[in-house]
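>>> based on what follows, work out the 3D shape:
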Amino acid sequence: MRFGVTSTALGTGFVAAGVILGAGSAAAFAPQAQPDRIGAQLNHEETVALGAGPIPALTAMFVPANRIGAGLHSETNLHRDADGGIRATLRQVVTEAASHPDGTVTVYLNAPGARGGRVVDVYQQWAG
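Numbers count the residues shown, from 1 in each chain. Here you go, the predicted model:
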């Protein structure tokens, strides 16, 4: 149990640092805070940089896929299975948003035990 809590805390910290450092200049970085999570709204350039960088792959090394949630845009081309599960990688979720001229993502790090046990949530946004 201690290992699980420690690894989750370390993984969450690593993901937070990666999002901040891996998205390039944080000049437009817009922090988001909610009672059970913290995050950032990235601008288009930061979203492109995040999708092109190593952070999605590094995140997958520390956070299991079933602990990453995605809020997909209504016009997504990514696949949902019959149970509503998303069959896409974190990189695919980010790069799909980045492929739109105004596409962005909001990335949240959830408190341990919150949000159904998910550690990271990513939401796509673009006009359309």
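
>>> what is the neighbour count of the closest residue to residue 38 other than its chain neighbours?
Once flanking residues are discounted, residue 38 sits nearest to residue 109: 5.7 Å by C-beta to C-beta, 6 or more residues apart in numbering. (Glycine included, C-beta is placed from N, CA and C.) Each residue near residue 109 was counted by other C-beta atoms under 10 Å, and the total is 19.

>>> surely residue 109 is in contact with residue 37?
Yes: using C-beta atoms under 8 Å, residue 109 makes contact with residue 37 at a distance of 6.1 Å.

>>> just the residues contacting stretch 96-109, thanks.
Outside stretch 96-109, the residues that touch it by C-beta atoms under 8 Å, 6 or more residues apart in numbering are 12, 15-16, 19, 32, 34, 37-44, 46-48, 50-52, 73, 76-78, 88, 93-94, 119-128.

>>> can you pull out the strands in the protein?
Ranges of strands in the chain, per DSSP state E, are 30-34, 37-41, 68-71, 104-110, 120-125.

>>> tell me where the model's unsure across this protein.
Scanning the chain for pLDDT under 70 picks out 1-28.

>>> that one: helices as residue ranges?
Counting by DSSP state H, the segments of the chain that form helices are 2-22, 44-52, 55-62, 90-98.

>>> generate a ChimeraX selection restricted to the buried subset of the contacts of stretch 96-109.
Buried members of the contacts of stretch 96-109, defined by 16 or more other C-beta atoms under 10 Å, are picked up in ChimeraX with:
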select :12,15,16,19,37,39,40,41,42,43,44,46,47,48,50,51,73,76,88,93,94,119,120,121,122,123,124,125,126
